[in-house]
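Chemist: Just the structure for this:
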Amino acid sequence: MVARLLVVDDEATARAELSEALRDGGFEVCEAGDAEEALEHASRQSFDVVISDIRMPGMDGIQLLRRLTELSPETMAIMVTAYGDMSTAIEALRAGASDYVLKPLLFDDILSKVARLVEHRKLQLEVRNLRRTVENNGAGSSYEMVGESTAMRRILSLIDKVAPTPSNVLVIGESGTGKELIARALHEASDRREAPFVPINCAAIPEALLESELFGHVKGAFTGAVANKEGLLKTADEGTIFLDEIGDMPMSVQAKLLRATESREIQPVGSTRRIPISARIVAATNRKLKERIDDDLFREDLYYRLAVVEIEIPALRERPEDIPRLVQHFVDKYNRELARSCAGVESEALRLLMGHQWKGNVRELENTIERAMILSEGDMIRVEDLPTAVRGARPVDPSSCGSLAQAVRCFERGLIGRTLEVCTGDKRVAAKRLGISLSSLYRKLEED
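Modeler: Here you go, the predicted model:
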């Protein structure tokens, strides 16, 4: 990602010349003519480095620096001061500036300082990511996305592309498909990972309380408001707020959420003061929002604000080839949690799991594996350990896959998936058992 810089100077010519030099150096640059404008920009997006003049009318650079530190502690700052005015430069360093430059500016010098700070910030983020990866691998990350189907590979690719951006995301899928998992994966893969992830179920909170929960309230705003309360949109500042079941949000709250997404400000209940926010919104629903828009139950303008990027999660029954991997994932999980040593699932039990319709999707599958491991007396999950509803399921029927070509592909996917499961994921052994070359196996795994 290109580093984002904010240049703050009340002298338009000096500001423009510095900004042009920085853009020529390959940086993305935003300009502000005073401290107030700079804070407005900073409330809407994050910056890697801020370069600000110290002497400005109104709020000066030192005051701006302190405000920016509160707003975005990780943003680094270079302060610009006149030659001979070293006292202000020292004050800026004490206030948290990373460096300073003297007027008249030498563009090569400032480009060198900016590049050094950007590289330092990059290394900091890499260390954090590495530490988080180690921690997650050691503890078994709760947010691991499991699946090798074409649909899941596309979703994982989309997460990689979208996560580094500040854009809002709408996740669509049936109950139990893992919409919150997608939201958490987006958060964990972004530069917001150190900030809060705040989930809220819009359908579980009464309309009278939802507005207060999201936007906050001031003391005396309504009966029972005995103290000021910060809204969850502010709690998630610099992080991510996950609005689950957004399709059930009351129209009155939708209108206020729309204003917040457009202005990047919230107004607590009972207050006239507007508070800047910079939380990323990931919304989710199992409803068909287009139909609710047609029925005047959901605002079309809010839909387009939330669905800058839309991720649709297919039902588990539409991607049975992911079931063996998910089953093993849950077996490993509950081996840890239940202190068991289950090796896996017998082939006939796996065939039944792959043939079940899974109306509750991945959540139902996880519940089934946990139950089976509790009841199982051996080192493998057997057919008799499965619930009656699953034992009554038919194995995957290739004839249900449509055309002959689709049926053949469906059968291949199931056979390859089961063989890989038996071979514990060893593709070389699986290819030999299937009677095909290793390159053919890889090609078939890559096919839609």
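
Chemist: Could you tell me the phi and psi values at Gly178?
Modeler: Here is the backbone geometry of Gly178 (degrees, to the nearest 10): phi 100, psi 40.

Chemist: can I assume it is in contact with Ile313?
Modeler: Yes - in this structure, Gly178 is within contact of Ile313 by C-beta atoms under 8 Å, at 6.3 Å. Just so you know, the C-beta spots here come from the backbone N, C-alpha and C atoms, and that holds for glycine as well.

Chemist: List the residues that contact Leu316.
Modeler: 176-177, 322-323, 326, 358, 361-362, 365 (C-beta atoms under 8 Å, 6 or more residues apart in numbering).

Chemist: Which of these fall within helices?
Modeler: 323, 326, 361-362, 365 (DSSP state H).

Chemist: What ranges does the stretch 201-350 of the chain have for its strands?
Modeler: Taking DSSP state E, counting those that start in this stretch as the criterion, the stretch 201-350 of the chain carries its strands at 216-217, 229-230, 240-244, 265-266, 275-276, 280-285, 309-312, 344-345.

Chemist: The residue nearest to Ala372 when sequence neighbours are not counted: neighbour count?
Modeler: Computed as C-beta to C-beta, 6 or more residues apart in numbering, the closest residue to Ala372 that is not its neighbour in sequence is Asp385, at 4.2 Å. Residues contacting Asp385 under the criterion other C-beta atoms under 10 Å number 23.

Chemist: For the residue nearest to Gln357 when sequence neighbours are not counted, give me its contacts.
Modeler: Once flanking residues are discounted, Gln357 sits nearest to Arg317: 5.2 Å by C-beta to C-beta, 6+ apart. Listed by C-beta under 8 Å, 6+ apart, the contact set of Arg317 reads 356-358.

Chemist: again, but for Ala189
Modeler: 159-160, 163-164.

Chemist: So which of those is the closest to Ala227?
Modeler: Ala163 (36.3 Å; C-beta to C-beta).

Chemist: The closest one: what's its closest spatial neighbour, skipping adjacent residues?
Modeler: Closest to Ala163 by C-beta to C-beta, 6+ apart is Ala189, at 3.6 Å.

Chemist: I'd say Thr177 and Gly360 touch.
Modeler: No - Thr177 is beyond contact range of Gly360, at 9.6 Å (criterion: C-beta under 8 Å).

Chemist: Tell me which of these two has more neighbours.
Modeler: Neighbours per residue (other C-beta under 10 Å) separate Thr177 from Gly360, with Thr177 holding more: 23 against 16.

Chemist: what's that one sitting at in phi/psi?
Modeler: Dihedral pair for Thr177: phi -80, psi -10, per degrees, to the nearest 10.

Chemist: Over to the one 3 residues further on?
Modeler: Glu180 has phi and psi values of phi -70, psi -30 when expressed as degrees, to the nearest 10.

Chemist: Can you get me a residue count around it?
Modeler: 17.

Chemist: ok, it to Ile277 distance?
Modeler: Note on Glu180: its distance to Ile277, by C-beta to C-beta, to the nearest Å, is 21 Å.

Chemist: Look at the residue nearest the centre of the chain and report its pLDDT.
Modeler: Among the residues of the chain, the one closest to the centroid is Leu186, at 1.8 Å (C-alpha atoms, centre = their mean). Leu186 is assigned 92 on the pLDDT scale.

Chemist: Give the buried residues for the helix or strand hosting it.
Modeler: Secondary structure from DSSP states H and E places Leu186 in helix 179-188. Neighbour-count burial for helix 179-188, counted by 16 or more other C-beta atoms under 10 Å, picks out 179-188.

Chemist: and which of these is nearest to Asp237?
Modeler: Distances from Asp237 to those, taken by C-beta to C-beta, are shortest for His187, at 13.5 Å.

Chemist: count of residues packed around Asp248?
Modeler: For Asp248, using other C-beta under 10 Å, the count is 19.

Chemist: Could you verify my assumption that it touches Arg287?
Modeler: Yes - with contacts counted by C-beta under 8 Å, Asp248 reaches Arg287, the gap being 7.4 Å.

Chemist: that older thread, can you list phi and psi of the residue nearest to Ala163 for me?
Modeler: According to degrees, to the nearest 10, Ala189 has phi -90, psi 0.

Chemist: Could you number the chain from 115 rather than 1 from now on?
Modeler: Shifting the count to begin at 115 puts that one at Ala303.

Chemist: Now Asp162: closest residue in space, sequence neighbours ignored.
Modeler: Ala117 (4.4 Å).

Chemist: distance of that neighbour from Leu153?
Modeler: For Ala117 relative to Leu153 (C-beta to C-beta), the value is 20 Å.

Chemist: Ok, Leu500 next?
Modeler: As for Leu500, its distance to Leu153 is 59 Å (criterion: C-beta to C-beta).

Chemist: Of the two, which one has the most company?
Modeler: Leu500 (24 against 18).

Chemist: Report the contact partners of that one.
Modeler: 463, 466-467, 482, 486.

Chemist: Could you double-check that Ala191 lies in contact with Leu207?
Modeler: No - the criterion here is C-beta under 8 Å, and Ala191 misses it with Leu207 at 9.9 Å.

Chemist: For the two, indicate the residue with more neighbours.
Modeler: Ala191 (25 against 15).

Chemist: check contacts around that one.
Modeler: So Ala191 contacts 163-166, 179, 182, 206, 210-212 (C-beta under 8 Å, 6+ apart).

Chemist: just those residues now: which is nearest Val232?
Modeler: Val163 (6.4 Å).

Chemist: Wait, that closest one touches Ala229, no?
Modeler: No - using C-beta under 8 Å as the test, Val163 is too far from Ala229 to be in contact (9.7 Å).

Chemist: of these two, who's got more company?
Modeler: Under the criterion of other C-beta under 10 Å, the comparison of Val163 against Ala229 puts Val163 first, with 25 against 15.

Chemist: At which residues are the helices of the stretch 265-414 of the chain located?
Modeler: With DSSP state H, counting those that start in this stretch, the ranges of helices along the stretch 265-414 of the chain come out as 293-302, 321-329, 346-349, 365-377, 403-408, 414-420.

Chemist: Nice, that's everything, thank you.
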